[in-house]
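A.B. asks: fold the following, please.
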Amino acid sequence: MLPTHAMVGLALATPVSLLAPEVAPAALTGSLAGSVAPDLDLYAGHRRTLHYPTLYALVAFPALVAAVLVPAATSAAVAAFFVAATVHCRMDRYGGGLELRPWEATSDRAVYDHVRARWRRPKRWIQYDGSPGDLAALSALGIPLWVVLDGPFQLVAGLALAVGGVYALLRRRLASLAPVVVGYAPRRLRRYVPDRYRP
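C.D. replies: Numbering: from 1, shown residues only. You can find the predicted model right below:
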């Protein structure tokens, strides 16, 4: 779920606070943005349009080298963004498939690999978004981050824990509720709704 992705992003950048505190806010911001950005394709080819598991990695490596050679807020933010976006896309493969009820394991699509021009299969190490395993991962990262970070990043960690907890409690019910809600949506809006949500 998105809160888990966000906490992984913050966790990736948190060590920068110890190594280079002057660029830590930029690295945390870049990493948070990179961990969330791929999911902006939720209603336009989810896990394909903005998910680039290989290409993000190819950009992340030189960006990291640049951030080490020229340590500055901008280089730290760019490197953190691409590292977090890479990890987001990889994480999607370790979860369930691209389906309304991923606990049924009916989809063989986890994330699209543009380099190989094919869908990568889900590994289902964490059964589905909002599963108990997902909530455990969120908690294991989010609680320490909430304690260690301060300012807006502490707030983000607290919100992620709250939203993720509520989502995990409601996840299975939401799968049944989604097609009903979409059925009442105006026709002009329904075309923007992914097929898996339609009645």
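
A.B. asks: can you point out the buried residues in the strand or helix carrying Val156?
C.D. replies: Element membership of Val156, judged by DSSP states H and E, is helix 151-184. Neighbour counts over helix 151-184 (16 or more other CB atoms under 10 Å) mark Phe153, Val156, Ala157, Ala160, Leu161, Gly164, Gly165, Tyr167, Ala168, Arg171, Ala175, Ala178 as buried. For glycine as for every other residue, the C-beta is placed from the backbone atoms N, C-alpha and C.

A.B. asks: that's a strand at Ser107, yeah?
C.D. replies: No - assigned with DSSP: H, G, I helix; E, B strand; the rest coil, Ser107 falls outside any strand and is coil.

A.B. asks: for it, what are its contacts?
C.D. replies: Ser107 makes contacts with Gly96, Gly97, Leu98, Glu99, Pro122, as judged by CB atoms under 8 Å, 6 or more residues apart in numbering.

A.B. asks: same thing but 10 Å
C.D. replies: For Ser107, the contact set (CB atoms under 10 Å, 6 or more residues apart in numbering) comprises Gly96, Gly97, Leu98, Glu99, Leu100, Arg101, Trp119, Arg121, Pro122, Arg196.

A.B. asks: that one and Phe153, how far apart?
C.D. replies: 34 Å (CB to CB, to the nearest Å).

A.B. asks: swap in Thr86?
C.D. replies: Using CB to CB, Thr86 is found at 21 Å from Phe153.

A.B. asks: show me what contacts the residue lying closest to Asp108 once chain neighbours are set aside?
C.D. replies: Of all residues not flanking Asp108 in the chain, Arg121 sits nearest, at 5.2 Å (CB to CB, 6 or more residues apart in numbering). Shown in contact with Arg121 (CB under 10 Å, 6+ apart): Arg93, Gly97, Ser107, Asp108, Arg109, Ala110, Val111.

A.B. asks: no more questions from me, cheers.
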